[in-house]
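Visitor: Structure, please.
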Amino acid sequence: MHKRKFLSTAVGAGIERRDFLRAGFLGLTGLSLGDLLRSRAQAADATRAPVPDTACIFIWLGGGPSQFETYDMKPDAPAEYRGELHPIHTNVPGIDICEHLPMQARVADKFSLIRSCSHVSAGHENGTQHFLTGRKANRDGDKTSEHPDIGAVFKRLFPVARQPVPNYVSVHCSGFEYGGTGYLGQACKPFAVCNNKGENPNDQWTNFRVNSFSVGNDKDLALLRERSRLRGSFDGLRRELDTTGLMATMDAYDREALRMLTGDQAQRAFEVWREPDRVRERYGRTRAGQEFLLARRLVEHGVGFVTVDFRNVEGALAHTWDDHATGWNIFEQMRLRLPVYDQALSALIEDLYARGLDKRVLLVACGEFGRTPRIAISDGRPGRDHYSRTMSILVSGGGLRMGQVVGSTSSKGEEPKDRPLTPADFLATVYQHLGINPRHEFLDLSGRPHPILPGGEPIRELVG
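Guide: This is a model prediction of the structure:
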């Protein structure tokens, strides 16, 4: 079978990039990593903006964390609203958060809270898609987004990092669950790690490594280099005749492949075991703690966009932030989950500032929506259901204004009270940090233009 026909068939059959990457250089088919990256970028823009020297770490709290048990507590509300947990003061007067987030309370001057974001999509699928694209989903229940999420947009515009590392990495999940690349295509998927058995950065007994950055042997590596040299020679004339710039885009993917496979910087970026023990202990010797630390290493080594999917904690019944009364007791699970989250996130915030990364790197922590103000009871178990009319978002760094709360909610948390904001406003703020014009247009598969965001403005309290 012809090489390109094989590749088209394989990708169409759902074989993921990491399966090809793990093989390094696909000797049986003659395919290189460059072939794979190039084939998945067939629909990519022919021209690229310069890669900005900024980055984003997106801590995704999938399932929808309760704002009432984290960042927007209502201690004066009736018992059926306020719940069992209590607020504590932070190091910023006037900002109180949950008692089970004491480490974050000590670094509140290094983050800001958005309490008044609201949207109308209260299902996991459509809520995620609305929040990450700024658009209401056309059809409820779709498992993947029709429009590209923020990670896919970033990869489309900046497919190659400033350093020889992947430019979009997803930790513990293959991108945002229920998000997706939409009409931008498979080239905009992230490089996914830690979501399979054997890739746990908290493994006490082995040095965590990602084996995708390797070639089979010296012969394969020599062949890869020769293929690149020959392609440069044969493509010279075609490049001169090319008026679309597509050849330059293909070359960029070849360069990314060569840089990743022939150097050790990509591999080293993932080697959490190189961190001093005191640093690893500060983040917490939990899977979540070490994945947050991995995120810091990645942006420090030049990765532009990193997502970390944090949901479950060892020993907890809950494998998500989806704290319905029908599954478990929300307060019991929060008492198990929040300390792990608190240690990992506070360590990441402190680390970014201590290393001088707070201007270059924007840290975000949130889920797709919040939880209902009134507590539900099922078989004696308290919980909260889906609620998208209010939610809380934490942001840190990115050169934004820290130590403040943007917006507020009503006395029972039922609706925004001051400064109502939309997902598009939040996304516009992140895009501005990343050097992306949210009015930039992409063509869908039918040739229709779509701006990255249909509206929204950067949040002025944060950006100045």
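Visitor: Extract the C-alpha trace of stretch 425-441 and format it as CSV.
Guide: Taking Å, rounded to 0.1, in the frame of the first residue of the first chain, the C-alpha atoms of stretch 425-441 are listed here in CSV:
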residue,chain,number,x,y,z
ASP,A,425,-15.1,37.5,27.9
PHE,A,426,-12.9,35.1,29.8
LEU,A,427,-11.5,33.5,26.7
ALA,A,428,-10.8,36.9,25.2
THR,A,429,-8.7,37.6,28.2
VAL,A,430,-6.7,34.4,27.7
TYR,A,431,-6.3,34.9,24.0
GLN,A,432,-5.0,38.4,24.5
HIS,A,433,-2.3,37.0,26.8
LEU,A,434,-1.4,34.4,24.2
GLY,A,435,-1.1,37.0,21.4
ILE,A,436,-4.2,35.8,19.6
ASN,A,437,-6.7,38.0,17.9
PRO,A,438,-10.1,36.6,18.8
ARG,A,439,-11.6,38.1,15.7
HIS,A,440,-9.3,36.0,13.5
GLU,A,441,-11.4,33.9,11.1
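Visitor: Buried residues, stretch 180-200. List them.
Guide: Buried residues in stretch 180-200, counted by 16 or more other CB atoms under 10 Å: 180-194, 199. Where you see a C-beta, it was placed from the backbone N, CA and C, and this is true even at glycine.
Visitor: Endpoints of it, how far apart?
Guide: End-to-end distance of stretch 180-200 (CA to CA, to the nearest Å): 24 Å.
Visitor: change the start of the numbering to 512 and stick with it
Guide: Sounds good: first residue 512 from here, last item stretch 691-711.
Visitor: Which pair of the buried residues of stretch 691-711 spans the longest distance?
Guide: Greatest spatial distance in the buried residues of stretch 691-711: 694 and 710, 30.3 Å, computed using CB to CB.
Visitor: I'd like to know how far residue 887 sits from residue 876.
Guide: 25 Å (CB to CB, to the nearest Å).
Visitor: Identify the bridge partners of the residue nearest in space to the middle of the chain.
Guide: Residue closest to the average C-alpha location in the chain (CA atoms, centre = their mean): residue 818, at 2.3 Å. In this entry, residue 818 is beta-bridged to residue 569, residue 681, by DSSP bridges.
Visitor: Which residue ranges of the stretch 862-975 of the chain form strands?
Guide: In the stretch 862-975 of the chain, the strands defined using DSSP state E, counting those that start in this stretch lie at 872-877, 881-882, 887-889, 892-894, 897-898, 902-908, 916-917, 919-920, 927-929, 952-954, 960-962.
Visitor: Mind listing what's buried along the longest one?
Guide: Meaning strand 902-908. So, applying 16+ other CB under 10 Å, buried residues of strand 902-908: 902, 903, 904, 905, 906, 907, 908.
Visitor: One more: the third one?
Guide: The neighbour-count check on strand 887-889 (16+ other CB under 10 Å) flags residue 887 as buried.
Visitor: for the record, mean pLDDT for it?
Guide: Taken as a whole, strand 887-889 has an average pLDDT of 97.
Visitor: what do you get for the fifth one?
Guide: Regarding strand 897-898, the rounded mean pLDDT is 98.
Visitor: and that strand, which strands flank it?
Guide: So strand 897-898, judged by DSSP bridges, has these partners: strand 881-882 (antiparallel).
Visitor: Run the chain-centre distance for the partner strand.
Guide: Once both centres are worked out by CA atoms, centre = their mean, to the nearest Å, strand 881-882 turns out to sit 20 Å from its chain's centre.
Visitor: And the contacts of it?
Guide: Residues from elsewhere that reach strand 881-882 (CB atoms under 8 Å, 6 or more residues apart in numbering): 575-579, 834, 895-903.
Visitor: as a whole number, average confidence for it?
Guide: 98.
Visitor: Would you mind listing the buried residues in stretch 843-852?
Guide: Counting neighbours by 16+ other CB under 10 Å, stretch 843-852 gives 844, 845, 846, 848, 849, 850, 851, 852 as buried.
Visitor: Now name the helix or strand holding residue 791.
Guide: If you go by DSSP states H and E, residue 791 is part of helix 788-794.
Visitor: Now tell me which helix or strand of the protein has the poorest mean pLDDT.
Guide: helix 514-523 (a mean of 37; mean pLDDT, DSSP states H and E).
Visitor: Between the contacts of strand 881-882, which sits nearest residue 947?
Guide: Closest approach between the contacts of strand 881-882 and residue 947, by CB to CB: residue 902, at 23.1 Å.
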